[in-house]
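S.K.: predicted model and sequence below, questions to follow.
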Amino acid sequence: MRDVRTIETERLALRGLRMSDAPRVAELCGDPGVARMILRAPLPYLPVAAEGWIMTLAARKPLAEEFVFAVERGGEMIGCIGAHKSGEAFEVGYWFGRAYWGRGFASETLAGFMAGARSLGRLEAGHFVDNPASGRVLEKAGFVYTGEVKPMFSMARGESAMCKRMTYAAEARAAAA
């Protein structure tokens with residue numbers, strides 16, 4: 001994962017974020033339905049906020065704490081996926097514009113991403129209770145529920161929402177052994 005520049009799947013290409021992606025990030029995440037499923041997405045999501053996020057990612061790359069990819073279909077950015085250092089583990093997360101929901105893009109992207117992400121070590125993820133579709137995507141990729149459900153603050157919601165926590169199954173099996 002540390003040296004991966006692009007990832008190709010059957011229908012999609014994953015590549016590093018560029019500053020020129022900021023308007024598209026703001027457009028897709030500016031949809032309240034999308035933003036409310038992301039922990040750190042503000043509403044409104046202005047292009048300057050997207051620029052700041054992309055600059056922050058670029059600054060952290062040397063620290064090996066952020067691995068974030070734009071997801072493209074036919075040359076158009078449709079979402080993002082990444083793994084962010086969180087304590088001793090990496091938190092896997094993704095989002096897609098609403099027009100791309102329910103078409104298998106999240107599952108395809110996560111499957112392609114996980115081939116490299118497993119090399120990062122322990123992987124965790126979570127989804128808001130009111131987003132069970134995300135849980136199904138994570139389960140297909142090999143994540144299992146930990147049994148922990150905790151409130152997590154959502155910027156777009158302006159309040160905490162209950163989040164179901166998951167871990168990558170390989171790590172869960174190792175911990176049980």
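M.R.: Nice, thanks for sending it over. Residues are numbered from 1 along each chain as shown.
S.K.: so, low pLDDT: which residues of this protein?
M.R.: 1-4, 60-63, 171-177 (pLDDT under 70).
S.K.: could you pull out the helices for this structure?
M.R.: For the chain, helices defined by DSSP state H occupy the ranges 22-29, 32-35, 47-60, 105-117, 132-140, 169-176.
S.K.: dump the ones you listed to CSV, plus mean neighbour count.
M.R.: For every residue, glycine as well, the C-beta is placed using N, CA and C. Converted to CSV, the helices of the chain look like this (neighbours: other CB atoms under 10 Å):
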stretch, mean neighbour count
helix 22-29, 20
helix 32-35, 17
helix 47-60, 16
helix 105-117, 20
helix 132-140, 17
helix 169-176, 12
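S.K.: out of those, nearest to Lys150?
M.R.: Lys150 lies closest to helix 132-140 among these, at 14.8 Å (CB to CB).
S.K.: about what we covered before: so which of the helices of the chain is nearest Cys80?
M.R.: Among the helices of the chain, helix 22-29 sits nearest to Cys80 (CB to CB), with 7.3 Å.
S.K.: Serialize the helices of the chain to TSV and add fields for distance to Ala41.
M.R.: Shown next, in TSV, are the helices of the chain (distance: least, CB to CB, whole Å):
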stretch	distance to Ala41
helix 22-29	5
helix 32-35	4
helix 47-60	9
helix 105-117	16
helix 132-140	14
helix 169-176	27
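S.K.: quick one: closest of those helices to Tyr94.
M.R.: helix 105-117 (6.1 Å).
S.K.: just the CA trace of the closest one, in CSV.
M.R.: The C-alpha trace of helix 105-117 is given here as CSV (Å, rounded to 0.1, in the frame of the first residue of the first chain):
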residue,chain,number,x,y,z
PHE,A,105,-19.1,0.6,-6.9
ALA,A,106,-18.4,0.6,-3.1
SER,A,107,-17.9,-3.2,-3.0
GLU,A,108,-15.7,-3.2,-6.1
THR,A,109,-13.6,-0.3,-4.8
LEU,A,110,-13.2,-1.8,-1.3
ALA,A,111,-12.2,-5.2,-2.7
GLY,A,112,-9.5,-3.6,-4.9
PHE,A,113,-8.3,-1.4,-2.1
MET,A,114,-8.1,-4.2,0.5
ALA,A,115,-5.4,-6.1,-1.5
GLY,A,116,-2.9,-3.4,-0.5
ALA,A,117,-4.5,-2.2,2.7
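S.K.: what does it contact?
M.R.: Under the contact criterion CB atoms under 8 Å, 6 or more residues apart in numbering, helix 105-117 has outside partners 1, 4, 7-12, 14, 67, 69, 71, 73, 78-79, 81, 83, 90, 92, 94, 96, 123, 134, 137-138, 140-142, 168.
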